[in-house]
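Chemist: coordinates only, no sequence provided:
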């Protein structure tokens, strides 16, 4: 039986390692200040948001992105606090870092896709409809399981489809049911498209594969990558996180969250840098 994680003693975090992690994760302090300041700023008359609103309903994309960024910051803050706490009382976790990293990454990538300045206004509007419908489909499944007598998700779905039809994003499938002409992108695509810069010889999606494997407790990811067994003694195994891998994810998660926050703020509060032909 593999007992590498049985009766283990956790190595305390080295101060030098902690400071490197805190320096990356401490980005969250600036991001929180930026978001709070943006909430009291008036939207710019020539913002990308206002430009998109002349083409169709841009609210879904912006509202979804704003909520997603809030979730990313919340998890980045939790990660920072975990490292900054009293490690003499609370031993350093091995795997929780990567779950928090994934929860920073995924909403940040959705934000960058929704508000992509290189897309047309029409594309961003369609992506907003796709994100809202995906959210409502998830809500419908939740309501059926948790409170079917109060379920209203289907009515909301129909309302969104009505708006999408008015904006020209609806077609009929082979059964005559309405569906969007644009759909959400999967995480592999989003990592490969928006997670930069990349390490030569690797696809950005390797980070998603790793984070997903760790979140689901896959043996190849847990034992093979995230932890290092140092020695076996009468007291058990000494294990420690893979500091190099952990620092890599801290650097990249902080970077992707920073880009997502900037995208949300610039979309509403700054003049549009482009003149969109579709608008």
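Modeler: That came through, no problem. Please read all numbers here as calculations on a predicted model, not as lab measurements.
Chemist: low-scoring stretches of this structure, by residue?
Modeler: Within the chain, the stretches with pLDDT under 70 are 1-14, 86-91, 226-239, 274-279.
Chemist: what ranges do the strands span in it?
Modeler: 9-10, 170-172, 178-180, 227-233, 236-241 (DSSP state E).
Chemist: show me the contacts for the nearest residue to residue 100 once chain neighbours are set aside.
Modeler: Leaving aside its sequence neighbours, residue 100 sits nearest to residue 79 (Cβ to Cβ, 6 or more residues apart in numbering; 4.2 Å). (Glycine included, C-beta is placed from N, CA and C.) Each residue near residue 79 by Cβ atoms under 8 Å, 6 or more residues apart in numbering is listed here: 25, 97, 100-101, 104, 250, 253.
Chemist: so which of those sit within helices?
Modeler: Members of those lying in helices (criterion: DSSP state H): 25, 97, 100-101, 104, 250, 253.
Chemist: relative to residue 84, which of these is nearest.
Modeler: residue 25 (8.2 Å; Cβ to Cβ).
Chemist: quick one: contacts for that closest one?
Modeler: For residue 25, the contacting residues are 76, 79-80, 83, 250, 254, by Cβ under 8 Å, 6+ apart.
Chemist: separate out the buried members of the residues you listed.
Modeler: By neighbour count, with 16 or more other Cβ atoms under 10 Å, the contacts of residue 25 hold 76, 79-80, 83, 250, 254 as buried.
Chemist: and residue 144, how many neighbours?
Modeler: When neighbours are defined as other Cβ atoms under 10 Å, residue 144 has 12 of them.
Chemist: same check on residue 174?
Modeler: Quick note: residue 174 (other Cβ under 10 Å) scores 5 neighbours.
Chemist: phi first, then psi, for it.
Modeler: phi -70, psi -20 (degrees, to the nearest 10).
Chemist: wait, which of the buried ones among the contacts of residue 25 is closest to residue 37?
Modeler: Using Cβ to Cβ, the buried ones among the contacts of residue 25 come closest to residue 37 at residue 76, 17.6 Å.
Chemist: isn't that closest one up against residue 257?
Modeler: Yes. Residue 76 lies in contact with residue 257 (Cβ atoms under 8 Å); the separation is 5.4 Å.
Chemist: any shared contact partners between those two?
Modeler: Taking Cβ under 8 Å, 6+ apart as the contact rule, residue 76 and residue 257 both touch 27-28, 31, 104.
Chemist: in a markdown table, list those residues along with distance to residue 54 and neighbour count.
Modeler: As requested, the shared contacts of residue 76 and residue 257 are exported to a markdown table (distance: Cβ to Cβ, whole Å; neighbours: other Cβ atoms under 10 Å):
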| residue | distance to residue 54 | neighbour count |
| --- | --- | --- |
| 27 | 35 | 20 |
| 28 | 35 | 24 |
| 31 | 30 | 21 |
| 104 | 33 | 29 |
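Chemist: and those residues as JSON lines, adding distance to residue 56?
Modeler: As requested, the shared contacts of residue 76 and residue 257 are exported to JSON lines (distance: Cβ to Cβ, whole Å):
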{"residue": "27", "distance to residue 56": "34"}
{"residue": "28", "distance to residue 56": "34"}
{"residue": "31", "distance to residue 56": "30"}
{"residue": "104", "distance to residue 56": "30"}
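Chemist: inside helices: which ones of these?
Modeler: Using DSSP H, those in helices are 27-28, 31, 104.
Chemist: re the thing from before, just name the closest of the contacts of residue 79 to residue 18, please.
Modeler: Among those, residue 25 lies closest to residue 18 (Cβ to Cβ), at 10.2 Å.
Chemist: grab the nearest non-local neighbour of that closest one.
Modeler: Closest to residue 25 by Cβ to Cβ, 6+ apart is residue 80, at 4.1 Å.
Chemist: so the one you found makes contact with residue 22?
Modeler: Yes. The pair residue 80 and residue 22 qualifies as a contact (Cβ under 8 Å) at a distance of 6.9 Å.
Chemist: now do the helices in this protein.
Modeler: 15-25, 27-39, 48-53, 59-84, 96-114, 121-146, 153-166, 187-194, 205-215, 219-221, 243-269.
Chemist: reformat the ones you listed as TSV; add distance to residue 180.
Modeler: Conversion of these to TSV gives the following (distance: least, Cβ to Cβ, whole Å):
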stretch	distance to residue 180
helix 15-25	37
helix 27-39	30
helix 48-53	17
helix 59-84	12
helix 96-114	14
helix 121-146	6
helix 153-166	6
helix 187-194	17
helix 205-215	24
helix 219-221	34
helix 243-269	22
